[in-house]
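>>> Can you look at this prediction? I've put the sequence above it.
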Amino acid sequence: MALFRLLFRTRALSSQQIAELETANTNAGNQALPIIARLLTAKHSAQYPNAVATQVNPTYATATLVFSSTGPANAQTVSICGTTFTAATSPSGANDFQRSDTAATAAANLATLLNTVSGANRPKVNASITASANGGATLTLTAKEPGVLANGLHVAAVGTFANVVITNFAGGSNGTETTI
């Protein structure tokens, strides 16, 4: 099955329009439909030329952290989407994950922490990515939104993050985009 996205482009939205979109986005049901209808109607006006576009088969950016040997040592850190996470023998901080001498376990422990919404700055990280170790020593981070913008998400060692090879986010594309 192909992924199909409908994009609405506007030059500027008023604070009232932004509030309407936010309300429609957070409420259940079809409350966003009247706003979408207005944008579709507006696409033919001079105010919003090329306001509507489609994307077919956009792809999601991914990054990997390949754990080897004993994984990171106690107190070593990695920054993911601007939030620092620390390998800890005895996790006590909100962004600490249980380090392990087994690479697959260390990867799984970090994945679990990343997929947990609570904690310092984790809602921001959790809104941007999902993490999966799938029982192996490779932790795959996948952007939640497809497209080239996700290629700008960042993963980096902070100082030393031993026994982990990091490949930064790449591979996100907008697919075939057509203005309608």
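Yep, that arrived. Residues are numbered from 1 along each chain as shown.

>>> Walk me through the domains of the protein.
Here the domain parsing of the chain from automatic domain parsing is 4-56, 62-170.

>>> Mean pLDDT lowest where, among those domains?
Of all the domains of the chain, the minimum mean pLDDT falls on domain 4-56 (a mean of 57).

>>> Could you give the backbone dihedrals for residue 104?
Note on residue 104: its backbone torsions stand at phi -60, psi -40 [degrees, to the nearest 10].

>>> Isn't it up against residue 137?
Yes: if you go by Cβ atoms under 8 Å, residue 104 and residue 137 touch, sitting 4.8 Å apart. Bear in mind the C-beta positions are built from the backbone N, C-alpha and C, glycine included.

>>> any common contacting residues for those two?
Shared contacts of residue 104 and residue 137, defined by Cβ atoms under 8 Å, 6 or more residues apart in numbering, comprise residue 67.

>>> Against which helices or strands is whatever helix or strand residue 87 lives in packed?
Assigned by DSSP states H and E, residue 87 falls within strand 83-88. Helices and strands touching strand 83-88, by 3 or more Cβ pairs under 8 Å, 6 or more residues apart in numbering; DSSP states H and E, are strand 77-80, strand 96-98, helix 103-114, helix 122-128.

>>> Tell me which of these approaches residue 89 most closely.
strand 96-98 (8.0 Å; Cβ to Cβ).

>>> what's in contact with stretch 162-170?
Outside stretch 162-170, the residues within contact range by Cβ under 8 Å, 6+ apart are 61-73, 76, 78, 103, 141, 143, 150-157.

>>> Apologies, that question was intended for stretch 85-100.
Contacts for stretch 85-100 (Cβ under 8 Å, 6+ apart): 70-79, 83-84, 106, 109-110, 112-114, 118-122, 161.

>>> Please indicate which of the helices and strands packed on strand 83-88 has the most neighbours on average?
Here the criterion is mean neighbour count by mean count of other Cβ atoms under 10 Å, and of those the winner is helix 103-114, at a mean of 22.

>>> For it, output the C-alpha coordinates as CSV.
Only the C-alpha atoms of helix 103-114 are listed here, as CSV (Å, rounded to 0.1, in the frame of the first residue of the first chain):
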residue,chain,number,x,y,z
ALA,A,103,25.2,-5.3,23.5
ALA,A,104,21.6,-6.5,22.6
THR,A,105,20.4,-5.7,26.2
ALA,A,106,22.0,-2.3,26.2
ALA,A,107,20.3,-1.5,22.9
ALA,A,108,16.9,-2.8,24.2
ASN,A,109,17.2,-0.7,27.4
LEU,A,110,17.9,2.5,25.5
ALA,A,111,15.0,1.7,23.1
THR,A,112,12.6,1.2,26.0
LEU,A,113,13.7,4.5,27.6
LEU,A,114,13.3,6.4,24.2
